[in-house]
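Visitor: sequence and predicted structure below; questions after.
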Amino acid sequence: MQVHLAASFDEALRVKGQHPDVVPIAGGTDLLVQWPAAHALHERAWLDLSALGELAEIRFEDDAVVLGALVTYWDVIQDERFQVLPLLPAAAATVGSVQIQTRGTWAGNIANASPAADGVPVLMAYDAEVTLASTAGRRLVPLADFYHGYKQLETRPDELIESIRLPLRTHDFEDFIKVGSRAAQAITKVGMAIAHSEAGWRIVANSMAPAVCRCRALEQLVESGEPVDSPDALMAGIRADVSPIDDIRSTAAYREKVFSRVLYHALLPFCGSFS
Amino acid sequence: MAESRLEICFTLNGAPVTAQVSLRHRLLDLLRYELDLPGSKEGCGEGECGACTVHLDGIPVNSCLVPAWQVRDREVVTVESVVPGDIARMLDTGATQCGACTPGVVMTARWIEANPQLLERFTTRQLMAGNLCRCTGYDGIIDGLEPPPDAEDS
Amino acid sequence: MKRIEGVAKLTGRERFVDDLDLGEHLWGATVRSPSPRGRVTAIRFSNDIDWSEFTIVDHVDIPGNNTVFLLEDDQPVLAADVIRHLHEPVLLLAHPSRDAVRRAAKQVEVVVEPAEPYFDFRVAPDPQQVQRGDDNLLKRLEINKGDVEAALAAAAHVIEGVYETGAQEHVYLETQGMAAWVEDGVVTIKGSMQCPYYVVKAAECALGLERDHLRVIHAPTGGGFGGKEEFPSILAIHTALLAMKSGRTVKMIYERAEDMAATTKRHPSRVRHRTGVDEDGRLVAQDIEVVLDGGAYQTLSPVVLSRAIIHAAGPYSCDSVRIVGKAILTNSVPYGAFRGFGAPQSQFANERHMDVVARELGLDPVEFRRRNLIGDGDSTATGQVIDDGADRVGVMDLALDRSDYAGRRAAHVDFNATHPYLRRGLGLATFFHGAGFTGAGEVHLASRVAVTGLPDGRVEVLSASTEMGQGSQTVFTQIAAQRLGYPPADVQIAVPDTHRVPDSGPTVASRTSMVVGRILDDACAALGERLGDADLHGGALRAAIIAWHREHPGATLSAEASYRPPPGVAWDEDNYRGAAYGAFAWAAYLAEVEVDLRTYAVQCTDFLAVQEVGHVLNETLARGQIQGGVVQGIGWALLEECTLRDGAMLNNRLTDYIIPTSADVPPIDVVFVENPYAEGPLGAKGIGELPLDGPAPALANAVADALGVEPRVIPMTPERVMDLVERVATDG
């Protein structure tokens, strides 16, 4: 096992460029799970980002908030300024437990690309953009375009996530619902993040597809004002947008049904077209 | 770049420490098997049970998910820093039974007690949810933290 | 009295087996069968490893019998060629590096020629799945009272029901662990366990050693709940075999995934009821069949079955009862002891069924119980006449009053009528639990406790009872201090070490305070007698002890007592009739739930546990036992699904096996009713397992109340609740 202790982000980018196979690590809350038995990971080279203070910054600008790659869930929970993006602290408080929230990073959540990621849905609902950096420069990728399949990321082998940019908009509707197996420390079985602003509806599904994703058919349905008189009326849109599976945690039938019911009841008090 | 072992300096329970850490060790392994501080326990190895909870720069973390070499130049506080006077109330309320989850419970509890403003936003049960206990059913633990309802502010 | 070892535990000073300084030692690991059934045809060692660095043990290395000594000699220490379950231990490895031995265990291929495994105990086996007798029956027991067929035929109504419970994993926070070494011809085993004498007997059998060449020492144990009753004997023998072959100290600590996949769990059950009632809603016939998945080896299944059927008809009065119990051999990982030991399974079914019966009759569940709870002078299913003076209806009424049952139910009706998707309900369970070994079991155990007077006047208690969090050290200190008139600080509890302490029996069956504590009480009384004056107490006793030692330098001043069966307790083991237990504790539990019809998730929002327990020895400890047991029961009822594949746990990690966190359960309100039991120490009855019997049926009854569905299977996961609700919706 080898560990590169990067002294700066530039150095980290150089290392990643020269050794694309290196495993970047920040909080380690995904990577170190059942570590003693993870023999394959012991043979890898690691790139430690945890000491790069320059990546830990939260910057509120006029029209956007920028989270550095090392910003943790707990950083956001503690920061009262996030009242303007309330889904972020709401979702952060449902991630694992306090001990995980203090170490887990938003960027790590994006990079780990779990279909059940809890940070990604709210970032996506807020139209987050990810800054990918390499020695060649920077590029900005909308989070909604970041995943191309199960654990298939936009990130190139020589790139690292540098920051996440969230536009500051006025929302008249925001909600985040996580359905897990228990009240805390739960892997999401069914989840969603919903937001509405002048930019339109954002409905993001969690644990319903190979990656967290926007539900375009459902967004159009709600946007159109077409009457929705029951959870079942959402089923066609759900089936167009997502493809839940049976797995060790739940079933496709449960996920589909519960998604429809949770979404319906979330929008019922707000949307005139829902009855 | 480090291969196999790395020398790090950090603060442990208030005192400076220099250690040759194996790259394959988690902070939990370093504490238990190299520094003779077996108070922190391994209950699951995956960050679910919280029995390995320590403070890293003053906040609770699962030491089974922290690479040992990541604590260089940082502050680590373990259950070995706790003295009997710190846990008198928990002793009275039955916060411990078998003792396996207890070190982690105590470390999270001490952090909550040091940060009472947390209770304006979260309940004690929510904050303790990262510490699994199979013996107490949690009442003994929660009662050990909260002041009694009719307590006077001293 | 505060917990004796509480400060040590709260300051992280208590050392469990993996915390002990053992000096230089080897780490052990287990190579297991990859197949649930078949014959081992080859064992292949990878060429990538230098095996000369390893100690390797297989069945040939077993010096004694390749048998885990328990009830039947059916389980091998290491599989020789027959494989009966996935993860069955085949080979043991040891190496100075834990990482190296962990990796190496994955580099040994056990080749198994497969045979057709049998997993669904509810369905008769195919011919090629039969592995015992002609139907895989491990054990059959029957209880008969009156004439159940005639009573059913004459009954005004007959109501049937089938109920199922799943396996449950203990999740003691400290996983299984043992250390062993050989010194001066003595094999010493130290580790996490509930029963040092079970371990030493198993070690005698497998290691072919006499008792004086074996020493078993209990290390502080981080939770047991029955999971460390019989299983540790296997790990102890494994560790000792590696120590004997290598000549070195060996430690084996199971990682959580291995512990969950390869060790024992609560027996899954299926219980069928046919219940006859008269026009007044009184029980006239209870025809019950209890079937348990017995797993691949018997372990303690017959005893679990026994307790299951004895409790299967509940705390009710009924003249005609037939209970047939069966344990079925399967190729699942062996099931074993788990707090409650069969009674939670059978009482889940009975208490759920009582509500079903009540509903069929149009009777309130409370009124049904009021008419049928066993009264003084009535007899149980085994014909044991109950006359202990406990007011069982009073216990129920106390629970109803304290919870404002009627008011709350009315409020729920209103709430449920108006809320778009939340539904609330309240559920009651009345139940009982017999403490101590069944029937003549305690006589056979012949447990003993010794008390010694030390030269400085303090006393030491020597028993094999082990502290695993339940507070036995503290309760024993209390009992001895009270009997002797000593300050608690002058009472020492000896570490359970088979070279020092007598066999007090296993730390199981809710017997430690009630049975062993009583023997301790007698031993304390015997100390005075030993000194010539049975009334010696306090300072006078201390002075007498000191004086004795001056007169007998170097000698041991010890008094011992052994189990004395309560008078008039007779049990017919052949016909399963008579007094099954010396004492029953009686309880009424109330659970409130809120079900979210968007997600079908059931949340337990309030819980009240009322129980009559004879006498409360230590309020904090007793309350802790009830609260902890209730939360285990809530987990079993709502959250803890064991997903099995090939008979072994697939969701063998804490991320996927869901136990309650502090955020998942409400505060557990506990009320004790006292009614001293003459044979218990200071009037106490056993309470350790009682709280597992009530929560599951109370919660199921609450879900039924909230939704108008009839749950019959636990855990009541959201997926199951969805199916129940959907079924009602489509059935109209």
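Guide: It's in. All values derive from a computational prediction rather than experimental measurement. Residues are numbered from 1 along each chain as shown, chains lettered A, B, ... in the order given.
Visitor: all contacts plus neighbour counts: C-alpha atoms, from now on.
Guide: Fine.
Visitor: could you pull out the helices in chain A for me?
Guide: A:9-18, A:39-42, A:73-78, A:87-92, A:98-101, A:106-112, A:120-125, A:216-224, A:235-241, A:252-267 (DSSP state H).
Visitor: ranking those helices by burial, who's on top?
Guide: Neighbour counts (mean count of other CA atoms under 10 Å in any protein chain shown) averaged over each of those peak at helix A:120-125, with a mean of 29.
Visitor: mean confidence for that helix?
Guide: Helix A:120-125 shows a mean pLDDT of 98.
Visitor: could you pull up the residues touching the residue of the stretch 151-275 of chain A found nearest chain B?
Guide: Using CA to the nearest CA, the single residue of the stretch 151-275 of chain A nearest to chain B is residue A:184, 6.2 Å away. Taking CA atoms under 8 Å, 6 or more residues apart in numbering or on different chains, we find residue A:184 in contact with A:94, A:95, A:96, A:97, B:126, B:129, B:130, C:661, C:663, C:664.
Visitor: which stretches of chain C aren't confidently modelled?
Guide: For chain C, the stretches flagged by pLDDT under 70 are C:731-732.
Visitor: which ones are touching the residue nearest to the spatial centre of chain C?
Guide: Centroid-nearest residue in chain C, with CA atoms, centre = their mean: residue C:339, separated by 2.2 Å. Listed by CA under 8 Å, 6+ apart, the contact partners of residue C:339 are C:225, C:226, C:509, C:688, C:689, C:692.
Visitor: equivalent analysis for residue B:91, please.
Guide: Residues B:144, C:2, C:3, C:6, C:7, C:10 are the ones in contact with residue B:91 under the rule CA under 8 Å, 6+ apart.
Visitor: am I right that it sits in a strand?
Guide: No. Residue B:91 sits outside any strand when classified using DSSP: H, G, I helix; E, B strand; the rest coil, being helix.
Visitor: hey, what's residue C:435 bridged with?
Guide: Note on residue C:435: beta-bridge partners by DSSP bridges are residue C:583.
Visitor: what about it, how many neighbours?
Guide: By the measure other CA atoms under 10 Å in any protein chain shown, the count of residues near residue C:435 is 26.
Visitor: ok, residue C:122 next?
Guide: 12.
Visitor: near chain C, which residues of the stretch 101-250 of chain A?
Guide: A:179, A:181, A:182, A:183, A:184, A:185, A:186, A:187, A:248, A:249, A:250 (CA under 8 Å from any CA of the partner chain).
Visitor: which of these lies closest to residue C:57?
Guide: Taking CA to CA as the measure, residue C:57 lies nearest residue A:248 of these, at 35.4 Å.
Visitor: tell me the contacts of that closest one?
Guide: C:643, C:651, C:656.
Visitor: same check on residue A:33?
Guide: By CA under 8 Å, 6+ apart, residue A:33 lies in contact with B:45, B:46, B:47, B:65.
Visitor: quick one, helices of chain B?
Guide: Taking DSSP H as the test, the helices found in chain B are B:27-29, B:88-93, B:102-114, B:124-127, B:139-145.
Visitor: dump those to JSON lines, plus mean pLDDT.
Guide: JSON lines is the format used below for the helices of chain B (pLDDT from 0 to 100):
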{"stretch": "helix B:27-29", "mean pLDDT": "98"}
{"stretch": "helix B:88-93", "mean pLDDT": "97"}
{"stretch": "helix B:102-114", "mean pLDDT": "97"}
{"stretch": "helix B:124-127", "mean pLDDT": "97"}
{"stretch": "helix B:139-145", "mean pLDDT": "97"}
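Visitor: which one, of those helices, ends up nearest to residue A:119?
Guide: helix B:124-127 (18.8 Å).
Visitor: helices and strands around that closest one, which ones?
Guide: On a contact count with 3 or more CA pairs under 8 Å, 6 or more residues apart in numbering or on different chains; DSSP states H and E, helix B:124-127 meets helix B:139-145.
Visitor: the helix it packs on vs chain C: in contact?
Guide: Yes. Helix B:139-145 comes into contact with chain C (CA under 8 Å from any CA), by way of B:139, B:140.
Visitor: can you give the contact residues for that helix?
Guide: Residues contacting helix B:139-145 (CA under 8 Å, 6+ apart): B:89-96, B:105, B:109, B:113, B:124-125, C:624, C:627, C:667-668.
Visitor: count of neighbours near residue 119?
Guide: All of this refers to chain A. Look at residue A:119: counted by other CA under 10 Å, it has 27 neighbours.
Visitor: hmm, I had chain C in mind actually
Guide: Other residues close to residue C:119 by other CA under 10 Å number 23.
Visitor: in strands, which of the contacts of residue A:184 fall?
Guide: Among the contacts of residue A:184, DSSP state E puts none in strands.
Visitor: and residue C:139, how far from residue C:69?
Guide: Note on residue C:139: its distance to residue C:69, by CA to CA, to the nearest Å, is 18 Å.
Visitor: residue C:31 now?
Guide: Distance from residue C:31 to residue C:69, by CA to CA: 21 Å.
Visitor: how about the residue nearest the centre of chain A, nearest residue that isn't a chain neighbour?
Guide: The centre of chain A sits closest to residue A:120, judged by CA atoms, centre = their mean, with a distance of 0.8 Å. Ranked by CA to CA, 6 or more residues apart in numbering or on different chains and with sequence neighbours excluded, the top spatial neighbour of residue A:120 is residue A:110, at 6.0 Å.
Visitor: tell me the contacts of the one you found?
Guide: Contacts of residue A:110 by CA under 8 Å, 6+ apart are A:117, A:119, A:120.
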